[in-house]
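1. Sequence plus the predicted model coming up.
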Amino acid sequence: MGLFSFFNNRNEKVNETERQPLPEIPEHVFVEKDKPADATNGEKNGSGIPENGIYFLFNFLEKNYEGKGYDDALVNPDNTHLEQNISALKNDLERTIRKVKTFYEDFIRKTDFHINSRKRSGMIDIVEELTVEKETAENHIKQVIVIEEEATANKGIGHGIILSYTRGFRNGLAAISHHSIMKKNF
């Protein structure tokens, strides 16, 4: 029983551990469900929309302001209230446009620096990639300027938010009239 029984006992212990089920490992240990925010420059907000680019402006313009106008009319059905909220919306649009334009102006300035620096180093491929990025930013800023000019002239997609809000506000006024006057039985 000496030496060989020692090995036999050891094999029996190994076989016993193999028969025991392994403990469950929770999914969160290996799977990351929430994607972290872009840690490089904080360009994305919680919704995944870039916080400074043209898509941020488009997100602002595509919101439904009709519901907000309707709710505001139910709270305070006064034309002064309508005019103040339209003014506030215009200010929000102007602020958003300035933010986007400033972002692109800074981006273009930084890109120009990198283009010149990489040219001096003879990095032709990188210079071409940076040039494409700069041209994309310049096209975006041109679109932003068009949106700004159209909004100033009360037309285009920038003016659409005002129309949407006004339509909602008027629908709210109509709902008040309908509920308080037209539902009365005489």
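-> That came through, no problem. Fair warning: this is a prediction, and the values are worked out from it, not measured in the lab.
2. which regions of the protein lie under the pLDDT threshold?
-> Scanning the chain for pLDDT under 70 picks out 1-20, 22, 25, 27-51, 182-186.
3. Mind naming the longest helix for it?
-> helix 79-120 (DSSP state H).
4. which other helices and strands contact that one?
-> Applying 3 or more C-beta pairs under 8 Å, 6 or more residues apart in numbering; DSSP states H and E, one finds that helix 79-120 contacts helix 54-61, helix 66-75, helix 124-152, helix 156-177. Yep, even glycine has a C-beta here, placed from its N, CA and C like the rest.
5. Tell me which of the ones you listed sits nearest to Thr111.
-> For Thr111, the closest of those is helix 124-152, at 4.5 Å, according to C-beta to C-beta.
6. So for the closest one, what gets flagged as buried?
-> 127, 130, 134, 137, 140-141, 144, 147-148, 151 (16 or more other C-beta atoms under 10 Å).
7. before we move on, what about stretch 150-170?
-> 151, 158-159, 161-162, 164-166, 168-169.
8. Convert the C-alpha atoms of it to CSV, please.
-> C-alpha atoms of stretch 150-170 as CSV (Å, rounded to 0.1, in the frame of the first residue of the first chain):
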residue,chain,number,x,y,z
GLU,A,150,-33.3,80.5,-42.7
ALA,A,151,-34.3,80.7,-39.0
THR,A,152,-33.5,84.4,-38.9
ALA,A,153,-35.7,84.9,-42.0
ASN,A,154,-38.5,82.9,-40.4
LYS,A,155,-38.4,80.0,-42.8
GLY,A,156,-36.8,76.6,-43.2
ILE,A,157,-36.3,73.9,-40.6
GLY,A,158,-35.2,76.3,-37.9
HIS,A,159,-38.6,78.1,-38.2
GLY,A,160,-40.4,74.7,-38.0
ILE,A,161,-40.0,74.5,-34.3
ILE,A,162,-41.8,77.9,-33.9
LEU,A,163,-44.6,76.7,-36.2
SER,A,164,-44.9,73.4,-34.2
TYR,A,165,-45.0,75.2,-30.9
THR,A,166,-47.5,77.7,-32.1
ARG,A,167,-49.8,75.0,-33.5
GLY,A,168,-49.7,73.1,-30.2
PHE,A,169,-50.4,76.3,-28.3
ARG,A,170,-53.4,77.1,-30.5
